[in-house]
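Asks: coordinates only, sequence not included:
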């Protein structure tokens, strides 16, 4: 999916070492474009489409701790598996994320093209994205203070969570906004790098 509709597969955090861009904290109601929300999304200017995209990315990053949540979870899992020190690996993960992540302006360069055929209103898209972020925030909230000193049992709890459910509104948004479900042309580069899998 495109930049607007990215989901965060919680079950993959500690054991598959996949990375997701993002932040831990607020963000569940952060998507609110200035102007008339009754407009069709397809009527947004390129600048407005880019601003909406930026808000969507920043909201997701805020919820996921700007990379910290993912990197600490990865480091804690690797330390438990006997492959190094959690704090060192988390710091390295964050540093590589900062060096390698695309800027929001780069991520949102194609936002206008994604939205040009969208028949949803701005309010419908904002509300659905905020609902999606609210579901994620509720799932992540109890674990937002994860650290390298956390009880390793937290990893099993995260694994058992599964992927947060998609809000019911998302199917309608995808139908009204076909550009949101196409794959980006560029490979994703918006979060902490994947760590190598432990050897057999």
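Replies: Ah, there it is. All of these numbers come straight from a predicted model, not from anything done at the bench. Numbering: from 1, shown residues only.
Asks: Sticking with the residue nearest the centre of the chain, tell me its helix or strand.
Replies: The residue lying closest to the centre of the chain (Cα atoms, centre = their mean) is residue 60, at 4.5 Å. Per DSSP states H and E: residue 60 is located in helix 46-63.
Asks: Quick one: mean pLDDT over that helix.
Replies: Across helix 46-63, pLDDT averages out at 90.
Asks: Report all helices and strands that the very next helix or strand once past that helix contacts.
Replies: For helix 46-63, the succeeding helix or strand toward the C-terminus, using DSSP H and E, is strand 64-65. For strand 64-65, the contact count by 3 or more Cβ pairs under 8 Å, 6 or more residues apart in numbering; DSSP states H and E identifies strand 23-24 as packing neighbours. Yep, even glycine has a C-beta here, placed from its N, CA and C like the rest.
Asks: Let's see that with 10 Å instead.
Replies: strand 23-24, helix 68-80, helix 122-140 (3 or more Cβ pairs under 10 Å, 6 or more residues apart in numbering; DSSP states H and E).
Asks: Pipe the ones you listed into JSON lines and attach mean pLDDT per row.
Replies: Listed next are the helices and strands packed on strand 64-65 as JSON lines, based on pLDDT from 0 to 100:
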{"stretch": "strand 23-24", "mean pLDDT": "38"}
{"stretch": "helix 68-80", "mean pLDDT": "87"}
{"stretch": "helix 122-140", "mean pLDDT": "91"}
